[in-house]
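# Sequence first, then the predicted structure:
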Amino acid sequence: MPRSRSQFLWLFGCFLILFSLFLPLGIGKTNALGVSQGPANHNFVAEAAQRIGPSVVRIDTETTLEREPYDPTLIDPLLKDLLGEPGFGPETQRGQGSGFFIDDKGLVLTNAHVVEKADVVSVTLANGDQYDGQVVGTDPITDLALVSLEDSGKPKGAPLGDSEDLEVGDWAIALGTPYGLERTVTLGIVSSLHRNISSLGFSDKRLDLIQTDAAINPGNSGGPLVNSQGEVVGINTLVRSGPGAGLGFAIPINLARHVADQLLENGEVVHPYLGVQLLSLTPRIAKVHNRDPNSLVQLPELSGALVQSVLANSPAEIAGLRRGDVVVAANEEVITDPQTLLAQVDKAEIGVPFSIKVWRNSQEIRLSIKPAALPGFG
């Protein structure tokens, strides 16, 4: 009898230990209908996706292309007999991407490359309803576009966060329709911030992008990148695939808000520019350069934005900026590289002068420069 009792107490103790371990997980928790609701510590990804999901849309486009006339003499007669005359005339090209509502009035934010030049824009909501979309405006420099929907009921605008609050290592959740697969959610982290993408056709324009390893694939373009609270912090725009994949990029939501406001008000975005090509200069780079016996110019051993060239008739040339100048301050802000200078230019107003400090021939010089509208964009 004592042995049986000791065995019972041992088994009962094990049960209590197991019960105490599983109790925090919410096992057995049910709703009013007696249906299990799963763990009490609900997955934050699921909660974020549920919060943002109703605002995410699929965008389908059709673009009419004119095909070039063909030369009949270049067509193999045998293929012509088998396949018939080759097609000519208009051709319809179809595309697909993602987007999300930014308000309850039917305004959808997406990428410019998703909808630009499209003749037909169709927007499918999370509930399956489909509407015709009207492109309000596109901005190819930031790859952002605004699409308006009429009679779309009462769409739920996505909660917008603050991209300035992001830190490397924060959770990043990408939503959209990759490869046409609707309502897809992927999870990763913020891999880096302020990634510079400068090759958009203009040497002194750049985008500071959010880098993430959350899976972004074709069709995700224009969809939201959200934080762990389900707030939009970026717009998915680029992906790099291949060996070691996991490189996705998103436009910060703070920039997108500014661009969307301009698109809504004017239908276009005006970008300020200086008209210079810039290189990064550091004391180490300057020392290496100055030790070269073939160097014609001695560079100051400091950090700044080295002017490589100045465009003719540009604001930079008018202000007196020269090749070889090193910009070390703008509007009293320290300039350590081209990116920090261009960030100041992006904040500037067209035609409103701001001061820059440059080193030229071992002397500090102050210049006043008036940014102009980037040619072809305002």
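Sure, I can see it.
# Tell me the pLDDT of the residue lying closest to Ser303 once chain neighbours are set aside.
Closest residue to Ser303 apart from its sequence neighbours, by C-beta to C-beta, 6 or more residues apart in numbering: Thr336 at 4.7 Å. C-betas here are computed from N, CA, C, even on glycine. We note a pLDDT of 90 for Thr336 in this prediction.
# and Thr336, which of the three is it?
Put simply, Thr336 is coil when judged by DSSP: H, G, I helix; E, B strand; the rest coil.
# mind checking how far Gln96 is from Pro178?
10 Å (C-beta to C-beta, to the nearest Å).
# can you map out the helices along the stretch 1-150 of the chain?
2-22, 44-52, 77-83, 112-115 (DSSP state H, counting those that start in this stretch).
# picking that back up, any residues in contact with both of Gln96 and Pro178?
Gly219 (C-beta atoms under 8 Å, 6 or more residues apart in numbering).
# Can you pick out the residue with more neighbours from these two?
Using other C-beta atoms under 10 Å as the criterion, Gln96 and Pro178 rank with Pro178 on top: 23 against 17.
# Assign the residue lying closest to that one once chain neighbours are set aside to helix, strand or coil.
Excluding its sequence neighbours, the residue lying closest to Pro178 (C-beta to C-beta, 6+ apart) is Asn217, at 3.7 Å. At Asn217 the chain is in coil, as set by three-state DSSP.
# Renumber starting at 22 from here on
Fine by me, first position is 22 from now on; the one you just mentioned is Asn238.
# give me phi/psi at Thr207?
Thr207 has phi and psi values of phi -130, psi 150 when expressed as degrees, to the nearest 10.
# residues contacting the nearest residue to it once chain neighbours are set aside?
Leaving aside its chain neighbours, Thr207 sits nearest to Ala236 (4.0 Å; criterion: C-beta to C-beta, 6+ apart). For Ala236, the contact set (C-beta under 8 Å, 6+ apart) comprises 195, 199, 207, 209, 267, 269.
# List only buried entries from those residues.
Buried subset of the contacts of Ala236 (neighbour count, 16 or more other C-beta atoms under 10 Å): 195, 199, 207, 209, 269.
# Can you name the residues bridging to the last one?
Spelled out, that is Gly269. Thr233, Val260 (DSSP bridges).
# Thought Gln232 was touching it, still the case?
Yes: the criterion here is C-beta atoms under 8 Å, and Gly269 meets it with Gln232 at 7.2 Å.
# in the sheet, who's paired with the residue nearest to Gln151 when sequence neighbours are not counted?
Nearest residue to Gln151, sequence neighbours excluded (C-beta to C-beta, 6+ apart): Thr145, at 4.9 Å. Here Thr145 shows beta-bridge partners Arg79, Gln151, assigned using DSSP bridges.
# how is the protein carved up into domains?
Split into domains by automatic domain parsing, the chain comes to 72-170, 184-287, 293-394.
# how far is the second one from where the chain is centred?
To tie it back to what came earlier, the one meant is domain 184-287. With C-alpha atoms, centre = their mean, to the nearest Å as the basis, domain 184-287 stands 3 Å off its chain's centre.
# any idea of the mean pLDDT in that domain?
Domain 184-287 shows an average pLDDT of 85 in the prediction.
# before we move on, what about the shortest one?
Computed over domain 72-170, the mean pLDDT rounds to 84.
# Pull the distance from that domain to the chain's centre.
With C-alpha atoms, centre = their mean, you get 20 Å for domain 72-170.
# do stretch 356-366 as well
The answer for stretch 356-366 is 20 Å, by C-alpha atoms, centre = their mean.
# try stretch 285-296
18 Å.
# Just the CA coordinates for it, please, in PDB.
The C-alpha trace of stretch 285-296 is given here as PDB (Å, rounded to 0.1, in the frame of the first residue of the first chain):
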ATOM      1  CA  LEU A 285      -2.900  64.000 -55.400                       C
ATOM      2  CA  GLU A 286      -2.500  67.700 -55.600                       C
ATOM      3  CA  ASN A 287      -0.600  68.200 -58.800                       C
ATOM      4  CA  GLY A 288      -0.600  64.800 -60.600                       C
ATOM      5  CA  GLU A 289       3.200  64.900 -60.700                       C
ATOM      6  CA  VAL A 290       6.200  65.400 -58.400                       C
ATOM      7  CA  VAL A 291       8.800  68.100 -58.800                       C
ATOM      8  CA  HIS A 292      12.300  67.000 -57.700                       C
ATOM      9  CA  PRO A 293      15.000  69.600 -56.900                       C
ATOM     10  CA  TYR A 294      18.500  69.000 -58.400                       C
ATOM     11  CA  LEU A 295      21.900  70.700 -58.400                       C
ATOM     12  CA  GLY A 296      23.400  69.300 -61.600                       C
END
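# so what's Pro75 up against?
If you count contacts by C-beta under 8 Å, 6+ apart, then Pro75 has 147-148, 176-177 around it.
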